[in-house]
Structure formats: C-alpha cells, structure tokens
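>>> Build me a structure from this.
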Amino acid sequence: MADRIITLLKEESFEPSGEYKYARSTMGRNFLGIEEAMVHLGVSMARTERDVLSHIPFSRATLRSVRDTHLLVALPACSLFGIRSRVPHELFAAQQGAWYEKQPFATHVHEPSWCLLRKEPLSTQPNRTWDEQCSDLKETEEVPCAYAVVYGTVVYFLSRGIRLFETTMVRTANLDQGGSRVIVGNFSEKTGVHIDGCHDMHRTEDVGIAVCLQHELP
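The predicted structure is shown next:
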C-alpha cells in the first residue's frame, strides 16, 4: 500500500501542508487522510478538493488529547452509496436491492470535509431513547451523518484491519424518508456493516450514538 500511495501522490502532485503532516504524525494509526481515500476508494481528488482537506479544522491540543480515542477522517466528495460501490462487496451486509439505495441520506454527495470520529459509541446504556442519549453530549460534540460513520468504519478496516462498532449499532444524524433514525454498525466478519433504521423513541440494548467533535477552526 505504501508504494501505491507514493505513486498516487506523485501522479496527483500532492504536497501535504505542515498542519496536515502534524495531524498525521499526532494521530498515527487513527489518521485516515487523502492518501487512504485515494488508495481504498480509488478516488481521484481535484486540486480544489485537496486544498480544502489540506486545512485541519482542529487545534493541535485537541488532536493530542483525542489521539487514542478518535479517528481523524478526511471525507472525500462522495456518497454512502458511492462508498459501497467502490469497496469489496463483503464489507456491506446488503448489496443489490438494499432498502436504502434510493434514500437521500445514501445518495447525497457530500462536500469534502474532516470528521474527528469517536471510535466507541458515546452511550451504551441499554433502553435509552435518542433524546436521552443526546443528553450525554458535551458542548463540543455532535452526532455525525451516516456517511461519515460508514466511511470511517469501512476505510479504517481496509487501512488498519480494525473493526469499529463490531457488536453494536450507533445512531447517526440522518433520518430516512419514513422518519426513522439511520443506524450503522454490527460490522462483523460474517456479514459486513449493517445500515438500518430505528425510531427515536425506541429503547434497545444494543444501540448507542455515534459522536464526533465540532470543528474548532474556520
């Protein structure tokens, strides 16, 4: 993979900024940058997209404080459905005919951005509603979209061989067209990552919430 990264970077004339290099050095294995997107999704980023992602919207102090608990993820301009079409099919529990294929949350193409994603669900206490789980959020935290959670989960596994949310589901910021909360997880070796729906008032033992840090810098 290292050779592929070097070749791609030369082809794309990508020269990482100082803050980008610092973030990669600080986060170590918990850094998923432009290189990982190019290698594992086969995306070719436009210079404007790389320029956006060359700026890290988190302070150095914050990165140092969460280097072991969070992933710093460079999200390319893509959709959840686009991720599924670019990675090995066994990484997703459902392929052709999945219920979410025409759902806006799955087909929406996101702008390139950074996500500092917590590697564990914030709330794993059983039988709590969405509002009850969100009450645990700090002022600096928010719930990420399903695209960010799926991308981080899948690319972290492809890059590091580590499965996030292997035995639990996490609520995301998205709702499906029926009004149910989109949940992601149970990323087992046998079935791949699941994408499902859960009503906000529903109480269940194995559903927590996904969490990321809000951007600090403009």
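>>> Quick check: beta-bridge partners of the residue nearest to residue 66 when sequence neighbours are not counted?
Computed as CB to CB, 6 or more residues apart in numbering, the closest residue to residue 66 that is not its neighbour in sequence is residue 116, at 6.6 Å. Where C-beta positions appear, they are placed from N, C-alpha and C, glycine not excepted. Residue 116 has the following beta-bridge partners by DSSP bridges: residue 72, residue 213.
>>> can you map out the strands along the protein?
Ranges of strands in the chain, per DSSP state E, are 31-32, 70-75, 113-118, 141-142, 169-175, 181-188, 192-198, 207-209, 212-213.
>>> re earlier: kindly provide the distance from the residue nearest to residue 66 to residue 169.
When distances are taken as CB to CB, to the nearest Å, residue 116 and residue 169 turn out to be 21 Å apart.
>>> out of these two, which sits in the busier spot?
Just comparing residue 116 and residue 169: by other CB atoms under 10 Å the higher neighbour count belongs to residue 116, 29 against 23.
>>> isn't the more buried one right up against residue 212?
Yes - taking contacts as CB atoms under 8 Å, residue 116 lies within contact range of residue 212: 5.5 Å.
>>> Now list whatever residues contact both of those two.
Residues touching both residue 116 and residue 212 comprise residue 70, with contact defined as CB atoms under 8 Å, 6 or more residues apart in numbering.
>>> How about stretch 43-63, which residues are buried there?
Using 16 or more other CB atoms under 10 Å as the burial criterion, the residues of stretch 43-63 that qualify are 43, 45, 49-50, 52-54, 56-58, 62-63.
>>> What lies in contact with that stretch?
With CB under 8 Å, 6+ apart as the test, stretch 43-63 has contacts from 12, 14, 16-17, 19-20, 22-23, 26-27, 33-34, 37-38, 72, 74, 76-78, 86, 111-114, 116, 213, 215-218.
>>> Convert the C-alpha atoms of that stretch to CSV, please.
Coordinates of the C-alpha atoms in stretch 43-63 are reproduced here as CSV (Å, rounded to 0.1, in the frame of the first residue of the first chain):
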residue,chain,number,x,y,z
VAL,A,43,-11.0,8.3,-5.9
SER,A,44,-9.0,11.0,-7.8
MET,A,45,-9.4,14.2,-6.0
ALA,A,46,-9.4,17.6,-7.8
ARG,A,47,-6.9,20.1,-6.6
THR,A,48,-9.7,22.2,-5.1
GLU,A,49,-10.8,19.2,-3.0
ARG,A,50,-7.3,18.5,-1.8
ASP,A,51,-6.9,22.2,-1.0
VAL,A,52,-9.9,22.0,1.3
LEU,A,53,-8.6,19.0,3.0
SER,A,54,-5.1,20.4,3.5
HIS,A,55,-6.6,22.6,6.3
ILE,A,56,-7.2,20.7,9.6
PRO,A,57,-10.2,22.4,11.5
PHE,A,58,-8.9,21.2,14.9
SER,A,59,-6.3,22.6,17.2
ARG,A,60,-3.1,20.7,17.9
ALA,A,61,-4.0,20.5,21.6
THR,A,62,-7.3,18.8,20.7
LEU,A,63,-5.6,16.3,18.4
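>>> what's the burial count for the nearest residue to residue 144 once chain neighbours are set aside?
Of all residues not flanking residue 144 in the chain, residue 212 sits nearest, at 4.3 Å (CB to CB, 6+ apart). Using other CB under 10 Å, residue 212 has 24 other residues around it.
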